[in-house]
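**Q** After the sequence you'll find the predicted model.
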Amino acid sequence: MNLWFRVLWLFLTAPFRARIEPPFGVSRLTFRVWPSDLDTNLHMNNGRYLTIADLGRTDLLIQTGLWRAVLKEGLLPMLSGSAIRYRREIKPFQSFTLESRIVCWRATTFVMEHRFITQGKGGEPVTAALALVRGGLYSRRDRQFVPAERLVRLVGYAGDSPAFAPEIEAFLTVEDGLKRR
């Protein structure tokens, strides 16, 4: 149930947070691990990371202004794949920051990064988990994914996608292989 409260909180606080410069701005949201986020090892459940990452992507849509097109055209945000690397546990009641950003795009696919950041013993930021997700916006009317170039133009960006880093290419290769399978 606390995810519904988190979603509600996201929408209620959106007007008070800074706008994100599309398409390369970073969404930063702060959360706390609640008892309903825990698994049997008493740390944040691995599935909860990806669920909370949904909130980061939603914040990107809202704060870049793309949310207007999503509502106007009846677009549906959809993921087609994800990969996550857990580095450190996040314990009960511990706060963390979720940083979400668009890394690159091609055709109808965006690759986004979600970084879960906690504080180390000396107070320095530490990445607890890092996730890559692949997704896009699906048009119900046209029954297809919307071209990424069109979406970035809608938010006022006319440039090209950044080059794909080797780990992004590897991630997409695995995803494409699973799609064919």
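**A** Perfect, thanks for sending it.
**Q** now the closest residue in space to E167 that isn't next to it in sequence, what's its secondary structure?
**A** Spatial nearest neighbour of E167, chain neighbours left out: L132 (7.9 Å); criterion: C-beta to C-beta, 6 or more residues apart in numbering. All C-beta atoms are positioned from the backbone trio N, CA, C, and that covers glycine. Classification of L132 using DSSP: H, G, I helix; E, B strand; the rest coil returns strand.
**Q** thinking L132 is in contact with A170, fair?
**A** No - at 9.9 Å, L132 does not count as touching A170 under the criterion of C-beta atoms under 8 Å.
**Q** and the two? which has more neighbours close in?
**A** For L132 and A170, the more surrounded residue by other C-beta atoms under 10 Å is L132, and the numbers stand at 20 against 13.
**Q** Find me the pLDDT at the more buried one, would you?
**A** The predicted structure scores L132 at 98 on the pLDDT scale.
**Q** How many residues are close by P125?
**A** Neighbour number of P125 under other C-beta under 10 Å is 12.
**Q** Tell me who's in contact with it.
**A** By C-beta atoms under 8 Å, 6 or more residues apart in numbering, P125 lies in contact with 97, 117-119.
**Q** Distance-wise, check it relative to E99.
**A** Per C-beta to C-beta, to the nearest Å, P125 is found 10 Å from E99.
**Q** what sits in contact with each of those two?
**A** Common neighbours of P125 and E99 (C-beta under 8 Å, 6+ apart) are I117.
**Q** Show me the strands in the protein, by range?
**A** Assigned by DSSP state E, the strands in the chain fall at 27-32, 75-86, 95-106, 109-119, 125-139, 144-145.
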